[in-house]
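Visitor: Structure for the following, please:
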Amino acid sequence: MGVSDAALLVRALAEPETVLALDVESWTALLTMARAERLIGSLAERCAGLEVPVAVSRILADARDAAVEQRRAALWEAEMARRALAPLGCPVVLLKGTAYAAAGLAAGQGRFIGDLDILVPRGWLDAVERALLAHGWEWVKPDPYDDAYYRRWMHELPPLIHRERDRMIDVHHTILPLTARPKPDAAALVRQAVPLDNRLEVLSPEDMVVHATAHLFADGDLAGGLRNLWDIDRLVREFGEEEGFEGRLLERARLHQLTPAVERGLRLSHALYGTPVPERLAKLRSSDRLFRRRLLARDGWGRPTRPVTELAFYVRSHWLRMPPAMLARHLWIKWRRGGATG
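Guide: Here you go, the predicted structure:
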């Protein structure tokens with residue numbers, strides 16, 4: 001299939017009317033990429049109302065239905081967590097896809113939603129853990145090394161899964177691993193959170209964008225990065241209409257020591273999706289081009305490409321999380337155990 005990278009998918013999301021000129025081969029590539037990047041629901045929302053081929057229309061309709069079901073399941077899981085934790089009286093802040101859906105944001109329209117992610121103050125972790133275990137959640141990683149690693153160094157408890165509903169929950173106490181160089185102000189994240197009608201909360205608009213960029217550029221290896229960058233675009237477009245949002249966003253980025261990640265996120269979101277950004281952030285830097293190359297590394301069959309670039313970002317993600325000596329020890333232990341490198 002003669003598609004060199006995922007720029008086809010990016011164009012379709014940014015300018016949906018461009019899909020009207022696609023031939024059968026290009027449609028196949030577009031839908032395959034969208035599935036691989038977990039953006040098929042978002043693509044379906046963007047193409048709603050366009051005169052697309054009948055077979056494509058059916059596929060997109062199925063994707064919209066699946067997104068609606070994911071949203072329903074995600075919000076129900078959030079409600080189950082709320083009921084389990086309500087007696088504690090601690091703040092419970094929804095994160096990522098579930099937060100977007102619960103707050104009715106454009107970023108939640110058609111979005112793939114996987115695990116339930118919540119943020120609680122670190123001092124409440126023990127009580128939250130006990131409450132969830134008492135209400136049917138159980139450990140996914142029973143290995144003692146993994147358990148100790150999460151509790152000592154990570155920004156979340158070891159992941160839990162509900163034994164009946166088979167749904168995962170990640171309980172965060174901050175938004176980056178404790179070993180990461182930036183040190184976000186977790187207390188400020190909770191303090192500025194916005195309450196919902198059901199007594200759960202979501203991050204403030206500015207902190208939502210900061211979190212999305214932190215997750216993408218200050219922590220991960222950019223796997224699934226086009227979806228996370230699409231989140232950034234949707235959030236900035238929606239919140240950017242509020243007077244003074246840009247200044248508040250950059251102020252919160254400084255507070256959380258994440259200015260480089262936020263600015264890179266805005267530059268790349270503008271370059272790929274046309275996100276409105278300040279003029280000084282409208283041009284890519286030379287280092288951004290490698291990130292762009294990694295984000296678009298998908299062929300017309302949906303397969304990842306550019307393995308050397310992928311490996312470089314995999315190494316980078318671990319380098320960001322840990323000092324060299326700790327990284328070497330961690331990778332050695334995981335290699336000896338034959339497990340993934342967490």
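Visitor: Tell me how far Leu39 lies from Val120.
Guide: Distance, Leu39 to Val120, by C-beta to C-beta, to the nearest Å: 30 Å. The way it works is simple: take the backbone N, C-alpha and C, and place the C-beta from them, glycine included.
Visitor: Pick out whichever of the two has more residues nearby.
Guide: Ranked by neighbour count (other C-beta atoms under 10 Å), Leu39 and Val120 place Leu39 first, with 25 against 22.
Visitor: Which secondary structure element is home to the residue positioned nearest the centre of the chain?
Guide: What sits nearest the mean C-alpha location of the chain, by C-alpha atoms, centre = their mean, is Asn228, with 4.8 Å. In this structure, Asn228 sits in helix 225-239 according to DSSP states H and E.
Visitor: And the contacts of that helix?
Guide: 6, 9-10, 13, 37-39, 42, 96, 100, 105-107, 109, 111-112, 205-206, 208-209, 212-213, 215-216, 245, 249, 265-266, 268-269, 272-277, 294-296 (C-beta atoms under 8 Å, 6 or more residues apart in numbering).
Visitor: Now the buried members of the residues you listed.
Guide: With burial judged by 16 or more other C-beta atoms under 10 Å, the buried subset of the contacts of helix 225-239 is 6, 9-10, 13, 37, 39, 42, 96, 100, 105-107, 109, 111-112, 205-206, 208-209, 212-213, 215-216, 245, 249, 265-266, 268-269, 272-273, 275, 277, 294-296.
Visitor: which residues touch Asn198?
Guide: Contacts of Asn198 by C-beta under 8 Å, 6+ apart are Glu79, Arg82, Ala102.
Visitor: ditto for Leu250
Guide: Thr259, Val262.
Visitor: ok, now how distant is it from Arg303?
Guide: Distance from Leu250 to Arg303, by C-beta to C-beta: 38 Å.
Visitor: cool, and Gly97?
Guide: 25 Å.
Visitor: and if you look at Arg280?
Guide: On the measure of C-beta to C-beta, Arg280 and Arg303 end up 37 Å apart.
Visitor: Which of the contacts of helix 225-239 fall within helices?
Guide: Counting by DSSP state H, the contacts of helix 225-239 place 9-10, 13, 42, 96, 100, 205-206, 208-209, 212-213, 215-216, 245, 249, 265-266, 268-269, 272-273, 294-295 in helices.
Visitor: Using just helix, strand and coil, how would you label the nearest residue to Val190 once chain neighbours are set aside?
Guide: Counting by C-beta to C-beta, 6 or more residues apart in numbering, Val190 lies nearest to Pro91, which is 5.2 Å off, once chain neighbours are set aside. Assigned state for Pro91: coil (three-state reduction, DSSP: H, G, I helix; E, B strand; the rest coil).
Visitor: Would you mind confirming that Pro91 is in contact with Glu201?
Guide: Yes: look at Pro91 against Glu201 with C-beta atoms under 8 Å: they come within range, at 6.1 Å.
Visitor: Give me the common contacts of the two.
Guide: Shared contacts of Pro91 and Glu201, counting by C-beta under 8 Å, 6+ apart, come down to Val190, Ala193.
Visitor: What segments of the stretch 1-150 of the chain are helices?
Guide: 7-14, 24-36, 40-46, 54-85, 96-102, 125-134, 144-153 (DSSP state H, counting those that start in this stretch).
Visitor: Let me have the ones you listed in a markdown table, extended by mean pLDDT and distance to Arg237.
Guide: Converted to a markdown table, these look like this (pLDDT from 0 to 100; distance: least, C-beta to C-beta, whole Å):
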| stretch | mean pLDDT | distance to Arg237 |
| --- | --- | --- |
| helix 7-14 | 98 | 11 |
| helix 24-36 | 97 | 20 |
| helix 40-46 | 98 | 13 |
| helix 54-85 | 98 | 19 |
| helix 96-102 | 98 | 13 |
| helix 125-134 | 97 | 34 |
| helix 144-153 | 78 | 35 |
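Visitor: Identify whichever of those lies nearest to Arg167.
Guide: helix 54-85 (4.9 Å; C-beta to C-beta).
Visitor: just checking, what packs against that closest one?
Guide: For helix 54-85, the packing partners by 3 or more C-beta pairs under 8 Å, 6 or more residues apart in numbering; DSSP states H and E come out as helix 24-36, helix 40-46, helix 96-102, strand 116-119, helix 125-134.
Visitor: can you list these in CSV and add distance to Pro142?
Guide: Formatted as CSV, the helices and strands packed on helix 54-85 follow (distance: least, C-beta to C-beta, whole Å):
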stretch, distance to Pro142
helix 24-36, 31
helix 40-46, 33
helix 96-102, 25
strand 116-119, 20
helix 125-134, 13
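Visitor: List just the one of the ones you listed that sits closest to Gly224.
Guide: Closest among the helices and strands packed on helix 54-85, using C-beta to C-beta: helix 24-36, at 9.4 Å.
Visitor: and the closest residue to Lys283 other than its chain neighbours, what is it in contact with?
Guide: Nearest non-adjacent residue to Lys283, counting by C-beta to C-beta, 6+ apart: Arg267, 7.4 Å away. Listed by C-beta under 8 Å, 6+ apart, the contact set of Arg267 reads Val277, Leu281, Ala282, Lys283, Leu284, Arg285, Asp288.
Visitor: swap the cut-off to 6 Å and go again
Guide: Leu281, Leu284, Asp288 (C-beta atoms under 6 Å, 6 or more residues apart in numbering).
Visitor: on that earlier part again, quick one: mean pLDDT over the helix holding Asn228.
Guide: For helix 225-239, mean pLDDT is 97.
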